[in-house]
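K.L.:
sequence? don't have it. structure:
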């Protein structure tokens, strides 16, 4: 019996001319950390706990949280632009 299997590539397509910024942080003291919540259950609880840990233990100065409309769609361009402009580090995540 032969059949077909359809595979999907879950990686994002990079825009033409997009740059990749790879910059190691020397530490988190005084940094701004952003979180993009993918709208799955429980990610908000994880982020709240992680944000508290990052500020109290590692000296993160500010946490910015944004939430996508749904897990299956990308965040609005404005969210990416805001995070790129304001954050030293952005974490996207999953819940469940």
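P.N.:
Thanks, I have the structure now. In this text the structure is predicted, and so the values were computed from the model without any measurement.

K.L.:
what mean pLDDT does stretch 44-55 have?
P.N.:
Stretch 44-55 carries an average pLDDT of 92.

K.L.:
Give me the nearest residue to residue 66, chain neighbours excluded.
P.N.:
The shortest distance from residue 66 to any non-neighbouring residue, by CB to CB, 6 or more residues apart in numbering, is to residue 79 (4.8 Å). For glycine as for every other residue, the C-beta is placed from the backbone atoms N, C-alpha and C.

K.L.:
Buried ones in the helix or strand bottoming out on mean pLDDT in the chain, by neighbour count?
P.N.:
For the chain, using mean pLDDT, DSSP states H and E, the weakest element among its helices and strands is strand 89-93, scoring a mean of 86. By neighbour count with 16 or more other CB atoms under 10 Å, strand 89-93 contains the buried residues residue 90.

K.L.:
ok, residues contacting the helix or strand the residue nearest to residue 66 falls within?
P.N.:
Using DSSP states H and E, residue 79 sits in helix 77-86. Applying CB atoms under 8 Å, 6 or more residues apart in numbering, the contact partners of helix 77-86 are 32, 34, 36, 64, 66, 68, 90.
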